[in-house]
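1. let's see this in three dimensions:
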Amino acid sequence: MEEIGLSIPKTHFFDSLLTALAPYYPTLRSFRRGLLFLTVFAVDTRYPGNNASKRQAVAAVRWADRVRKTARQLLGIREHGRKKP
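-> Modelled structure (predicted):
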């Protein structure tokens, strides 16, 4: 966000970040569903009694990887020797 002159708000709500960035990076709109999922997953599972299933955890990692890859591409940051398990 700083790259385009926007201040970065302190928030756990990825949808609000997406709303701010979408006019500048329209391709990010396709991530809305995943970012909504990641927001709920990231916030709710931090509290006792709110656990994620293995399926949810796998889905969260997949969405996070997609978002990370796209963000790096938009920012011109190349991937570097990341090891796959």
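2. only C-alpha atoms for contact and neighbour calcs from this point on.
-> Fine.
3. contacts for the least confident helix or strand in the chain by mean pLDDT?
-> Scoring the helices and strands of the chain by mean pLDDT, DSSP states H and E places helix 32-44 at the bottom, with a mean of 87. Helix 32-44 is touched from outside by 12-15, 18, 50-52, 56, 60, 63-64, with contacts defined as Cα atoms under 8 Å, 6 or more residues apart in numbering.
4. would you turn those into JSON lines with pLDDT and neighbour count?
-> Converted to JSON lines, those look like this (pLDDT from 0 to 100; neighbours: other Cα atoms under 10 Å):
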{"residue": "12", "pLDDT": "82", "neighbour count": "13"}
{"residue": "13", "pLDDT": "88", "neighbour count": "16"}
{"residue": "14", "pLDDT": "89", "neighbour count": "18"}
{"residue": "15", "pLDDT": "90", "neighbour count": "20"}
{"residue": "18", "pLDDT": "91", "neighbour count": "18"}
{"residue": "50", "pLDDT": "82", "neighbour count": "11"}
{"residue": "51", "pLDDT": "83", "neighbour count": "13"}
{"residue": "52", "pLDDT": "83", "neighbour count": "15"}
{"residue": "56", "pLDDT": "89", "neighbour count": "14"}
{"residue": "60", "pLDDT": "91", "neighbour count": "20"}
{"residue": "63", "pLDDT": "93", "neighbour count": "18"}
{"residue": "64", "pLDDT": "92", "neighbour count": "15"}
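5. and these as a markdown table, adding distance to residue 3?
-> Putting the contacts of helix 32-44 into a markdown table (distance: Cα to Cα, whole Å) gives the following:
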| residue | distance to residue 3 |
| --- | --- |
| 12 | 20 |
| 13 | 20 |
| 14 | 18 |
| 15 | 19 |
| 18 | 15 |
| 50 | 36 |
| 51 | 36 |
| 52 | 34 |
| 56 | 32 |
| 60 | 26 |
| 63 | 23 |
| 64 | 21 |
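6. how about the least confident helix or strand of the chain: buried residues?
-> By 16 or more other Cα atoms under 10 Å, the buried positions in helix 32-44 come out as 34-39, 41.
7. just checking, what packs against the helix or strand just after that helix?
-> Next along the chain after helix 32-44, taking DSSP states H and E as the criterion, comes helix 54-75. Packed against helix 54-75 by the contact rule (3 or more Cα pairs under 8 Å, 6 or more residues apart in numbering; DSSP states H and E) you find helix 32-44.
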